[in-house]
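Asker: Got a predicted structure plus its sequence, pasted below:
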Amino acid sequence: MKKIHTGFTLIEVIFVLIILGIVSSISSSIIVQVYENYITQNALYKVTTKTELIANQIVNRLTYRIQGTTIAKDPDKSGFIENTDWIMLKNIPKFDNNFTTIEWIGYDNDSLTSQENPGWSGVTDYTTATINSVYTPASHLNNVATIMSNLSGGKVDLSNTNPATVIFSQKTEYYRTGMPYSPTCMGLIDTNDVNCTFRVGHNGDTNLTFVDGKHKIVTERYKLAWSAYALVPEDEAPIGDGLYNLYLYYNYQPWNHEGYRSGTKKLMGRNISVFKFTENGGVIQFKLCASENIGETYNISTCKEKAIIR
């Protein structure tokens, strides 16, 4: 009877080992590729989501800017000098890399829209206005005072000691000397020059009282504000990597001679590579780019562009 061999020959074993080696090398390559794709897609999702959230926050803030107060500054200069260290957004040079900070006064949308009836109506009976007060019908200034106090941590409560500011609308003159409205007289350039913002408290629900006895031209429309705002890029460690953090400064009052460094500082986003903005016909456009590290010195970036129409 013939003997049956049940084992493998050496050649068969070698072939099996070769095939297993080929399969394992292909499998490991696929696994590495799948993992790399996962890392890339995860980083892209994170940075895209982060950039979208930051851009939406910027849009929300700038939507309530007071027209004519929005300016760009060079944060590297020790002081802000007219026509040198600040510029109107519409005048920013196309390839400028110096005016990277944007600053503005925002009207008080919170108390305007937080209840069924507006907190402040935005209209005045200018025919009866005096140097000391103005009547603003259909307003609920007691509620406004409470909301402002809560939002500002007590810095602004519509009292004579903690006033808000009122900026009258649609006028080319801000008081009897005939000077034009400009950021230069709103405390945004020189904190000592606040001639075209008027500090106000309240007397009851419908009367704004002027804290300073400045002569002024009162118009039928106005904006009420309790804070200015600034978006400031700050280069932090590791310095020189081309990335920076973007901060929002708020809860500071230029009409009380405060610059943005006196305000509350909030981190908007890390690893920002581009923050550019301009204005054309009253429409602000900005571009925001952020990066996410995917290992060693490799980064993945994404950008968002937004237009803010009023």
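Answerer: Right, received. Where do you want to start? Numbers count the residues shown, from 1 in each chain.

Asker: CA only for contacts and neighbour counts going forward, please
Answerer: OK.

Asker: How are the helices of the protein distributed by residue range?
Answerer: Assigned by DSSP state H, the helices in the chain fall at 10-63, 109-113, 141-152.

Asker: any chance of these in JSON lines, plus mean neighbour count and mean pLDDT?
Answerer: Formatted as JSON lines, the helices of the chain follow (neighbours: other C-alpha atoms under 10 Å; pLDDT from 0 to 100):
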{"stretch": "helix 10-63", "mean neighbour count": "14", "mean pLDDT": "78"}
{"stretch": "helix 109-113", "mean neighbour count": "17", "mean pLDDT": "89"}
{"stretch": "helix 141-152", "mean neighbour count": "19", "mean pLDDT": "95"}
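
Asker: could you dump these to JSON lines with distance to Phe210?
Answerer: Formatted as JSON lines, these follow (distance: least, C-alpha to C-alpha, whole Å):
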{"stretch": "helix 10-63", "distance to Phe210": "27"}
{"stretch": "helix 109-113", "distance to Phe210": "20"}
{"stretch": "helix 141-152", "distance to Phe210": "14"}
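
Asker: What ranges in the stretch 201-310 of the chain fall below the confidence cut-off?
Answerer: Low-confidence segments of the stretch 201-310 of the chain (pLDDT under 70): 237-240, 296, 310.

Asker: That one: strands as residue ranges?
Answerer: 207-210, 222-225, 227-234, 244-252, 264-280, 283-293, 299-308 (DSSP state E, counting those that start in this stretch).

Asker: Find the nearest non-adjacent residue to Lys287, please.
Answerer: Glu305 (4.4 Å; C-alpha to C-alpha, 6 or more residues apart in numbering).

Asker: Could I get the contacting residues of the one you found?
Answerer: Neighbouring residues of Glu305 by C-alpha atoms under 8 Å, 6 or more residues apart in numbering: 55, 285-288.

Asker: buried subset of the residues you listed?
Answerer: Neighbour counting by 16 or more other C-alpha atoms under 10 Å classes 55, 285-286, 288 among these as buried.

Asker: can you redo the residues you listed as a markdown table with distance to Glu220?
Answerer: Shown next, in a markdown table, are the buried ones among the contacts of Glu305 (distance: C-alpha to C-alpha, whole Å):
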| residue | distance to Glu220 |
| --- | --- |
| Ala55 | 34 |
| Gln285 | 30 |
| Phe286 | 33 |
| Leu288 | 38 |
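
Asker: Check the gap between the residue nearest to the spatial centre of the chain and Ala307 for me.
Answerer: A centroid search over the chain (C-alpha atoms, centre = their mean) returns Ile58, at 3.9 Å, as the residue closest to the centre. Distance, Ile58 to Ala307, by C-alpha to C-alpha, to the nearest Å: 11 Å.

Asker: And Val134, by the same measure?
Answerer: 36 Å.

Asker: who has more neighbours, those two?
Answerer: Between Val134 and Ala307, Val134 has the larger neighbour count (other C-alpha atoms under 10 Å), namely 23 against 14.

Asker: Which residues are in contact with Val134?
Answerer: Contacts of Val134 (C-alpha under 8 Å, 6+ apart): 124-126, 128, 207-209.

Asker: Produce a ChimeraX select command limited to the buried residues of those residues.
Answerer: In ChimeraX, a selection of the buried entries from these looks like this (16+ other C-alpha under 10 Å):
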select :124,126,207,208,209
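
Asker: Nearest to Leu246 among the contacts of Val134?
Answerer: Leu208 (36.3 Å; C-alpha to C-alpha).

Asker: which residues does that closest one contact?
Answerer: 133-136, 200-202.

Asker: how about a markdown table for these, with distance to Tyr252 added?
Answerer: Listed next are the contacts of Leu208 as a markdown table, based on distance: C-alpha to C-alpha, whole Å:
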| residue | distance to Tyr252 |
| --- | --- |
| Ser133 | 24 |
| Val134 | 25 |
| Tyr135 | 26 |
| Thr136 | 25 |
| Val200 | 16 |
| Gly201 | 17 |
| His202 | 20 |
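
Asker: top of these by neighbour count?
Answerer: For the contacts of Leu208, the largest number of neighbours (other C-alpha under 10 Å) sits with Val200, at 26 neighbours.
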